[in-house]
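> Starting from these lines, generate the structure:
(chains A and B)
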Amino acid sequence: MTGETRSEAAAENRKAQLLKGLAELALLSLLAERACYGLEILDRLRDGAGMDVAEGTIYPLLHRLERAGLARAEWRLESDAARPRKYYAITDQGRLELDQQTTEWRRVSRALTAFLDRSEP
Amino acid sequence: MSAAKQDRDVAAWLRRLNWALGALPARDREEILAETAAHLDEATAAGRPAPDVLAGFGSAEAYARRFIDDADVTQALGGQRSGDLIGVVARRAHRSLVAALAGVALLMLGMAGLMAVTVAVMEIQDPVHAGLWWGPTVRFVGTIDDPAMARDLLGPWLIPAAVAVLGAAWVLGRLILLAAVRTLARAR
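Okay, the predicted model is just below:
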């Protein structure tokens, strides 16, 4: 592995660690707009939020949200699809959780930004 | 790579996934398989190479383990039964420091509890020779051949002390179990 590749891998790893805890928040926010299926969620998280979440991460997370009562799922056969897709929608409990997580994220984000931007002594 | 070869690889990966999900109820397993197969189908139909999509899922075994771990932890925390919580810690001990440390602590508390029960039984069977013995040459909990060799520090309080140790071990064990499983749940 070259130095450049190693540094890219390290940057990816740092990004993955940072994004890990935020995937749930981004996912709930996405589902709050409308019901989505897995592949669509991945594409929208990648394109819209710049979160390169892997397939192997998103489905266990969706199932966890469903089990926790934050999302509900249903199979739908759309006219443009060859197979039925499993759509996930946010629940009332999920909206409440989204509000709480958003408030907390904004508070932490503001405090951390102010800290990182502080003038050096 | 030919389309036929890619199809074979996808089918083989799904077979391994089905096998690896064996610990889950059939309904959950079928649901995960159907959803994963639909994703693979749609992503490859959209032009993404099957090896890339499969790489996104990781190995079938690792992918299945995420669902199994999740179901395991959720069920244990939901019921809060000691057996389920111990099961989660035992199954993760080889791949989680938190679970391994909790396992060691539980083992030590279990031994303390077992010792307390043993001492209580000894005290009931032979109150003259059983005790917490403290003397110039001997210091131990158990039965002594010659009670004149040392002083029994607890006397009739041995059984209440054993019950207290057993209770403390149980309460502390529950707290450690719950804390460990909650930590594992947060780390998902």
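
> Check the gap between B:Arg186 and A:Tyr59 for me.
Here B:Arg186 is placed at a distance of 20 Å from A:Tyr59 (Cβ to Cβ, to the nearest Å). The way it works is simple: take the backbone N, C-alpha and C, and place the C-beta from them, glycine included.

> Give me the phi and psi for B:Gly142.
Backbone geometry at B:Gly142, expressed as degrees, to the nearest 10, gives phi 150, psi -150.

> what comes into contact with the top helix by length along chain A?
Across chain A, the helix with the greatest residue count (assigned by DSSP state H) is helix A:92-116. Helix A:92-116 has contacts (Cβ atoms under 8 Å, 6 or more residues apart in numbering or on different chains) with A:22, A:24-25, A:28-29, A:31-32, A:65, A:69-71, A:90.

> can you list the residues of chain B near chain A?
B:31-32, B:34-39, B:41-43, B:45, B:53, B:56-58, B:62-63, B:66-67, B:70-71, B:74, B:188 (Cβ under 8 Å from any Cβ of the partner chain).

> and the gap between B:Ala150 and chain A?
From B:Ala150 across to chain A, the span is 58 Å (Cβ to the nearest Cβ, to the nearest Å).

> Excluding chain neighbours, what is closest to that residue?
Closest residue in space to B:Ala150, ignoring its immediate chain neighbours: B:Gly135 at 2.8 Å, by Cβ to Cβ, 6 or more residues apart in numbering or on different chains.

> So that neighbour sits against B:Met149, correct?
Yes - using Cβ atoms under 8 Å, B:Gly135 is in contact with B:Met149, at 5.4 Å.

> Compare the two (neighbour count), which wins?
Comparing B:Gly135 with B:Met149 by other Cβ atoms under 10 Å in any protein chain shown, the one with more neighbours is B:Gly135, at 15 against 12.

> And the more buried one, how far from B:Asp145?
Counting by Cβ to Cβ - B:Gly135 and B:Asp145 are separated by 12 Å.

> So between B:Arg186 and A:Tyr59, which is more surrounded?
A:Tyr59 (22 against 10).

> ok, how many other residues are close to A:Leu80?
Wrong residue type there; residue A:80 is Asp, not Leu. A:Asp80 is flanked by 5 other residues according to other Cβ under 10 Å.

> Can you tell me the SS state at it?
coil (DSSP: H, G, I helix; E, B strand; the rest coil).

> and what of B:Gly173?
Applying three-state DSSP: B:Gly173 is helix.

> contacting residues around the residue nearest the centre of chain A?
What sits nearest the mean C-alpha location of chain A, by Cα atoms, centre = their mean, is A:Ala23, with 2.6 Å. A:Ala23 is in contact with A:45, A:51, A:53, A:57-58, A:61, counting by Cβ under 8 Å, 6+ apart.

> And the strands in chain A, which stretches?
Per DSSP state E, chain A carries strands over the ranges A:36-37, A:71-76, A:85-90.

> any chance of the ones you listed in a markdown table, plus mean neighbour count, mean pLDDT and distance to chain B?
Converted to a markdown table, the strands of chain A look like this (neighbours: other Cβ atoms under 10 Å in any protein chain shown; pLDDT from 0 to 100; distance: least, Cβ to the nearest Cβ, whole Å):
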| stretch | mean neighbour count | mean pLDDT | distance to chain B |
| --- | --- | --- | --- |
| strand A:36-37 | 22 | 94 | 8 |
| strand A:71-76 | 15 | 94 | 8 |
| strand A:85-90 | 20 | 95 | 5 |
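
> Turn those into JSON lines, columns for distance to B:Pro156.
Shown next, in JSON lines, are the strands of chain A (distance: least, Cβ to Cβ, whole Å):
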{"stretch": "strand A:36-37", "distance to B:Pro156": "69"}
{"stretch": "strand A:71-76", "distance to B:Pro156": "60"}
{"stretch": "strand A:85-90", "distance to B:Pro156": "63"}
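
> Residue ranges in the chain under the pLDDT threshold?
Picking chain A for this. For chain A, applying pLDDT under 70 flags the ranges A:1-20, A:120-121.

> um, chain B though
Chain B contains residues with pLDDT under 70 at B:1, B:188.

> looking at it, which residue ends up farthest from its center?
B:Ala148 (46.0 Å).

> sorry, back to before: closest to B:Ala102 out of the strands of chain A?
strand A:71-76 (30.4 Å; Cβ to Cβ).

> Please list the outside residues in contact with the closest one.
Residues contacting strand A:71-76 (Cβ under 8 Å, 6+ apart): A:28, A:31, A:35, A:62, A:65-66, A:84-91, A:94.
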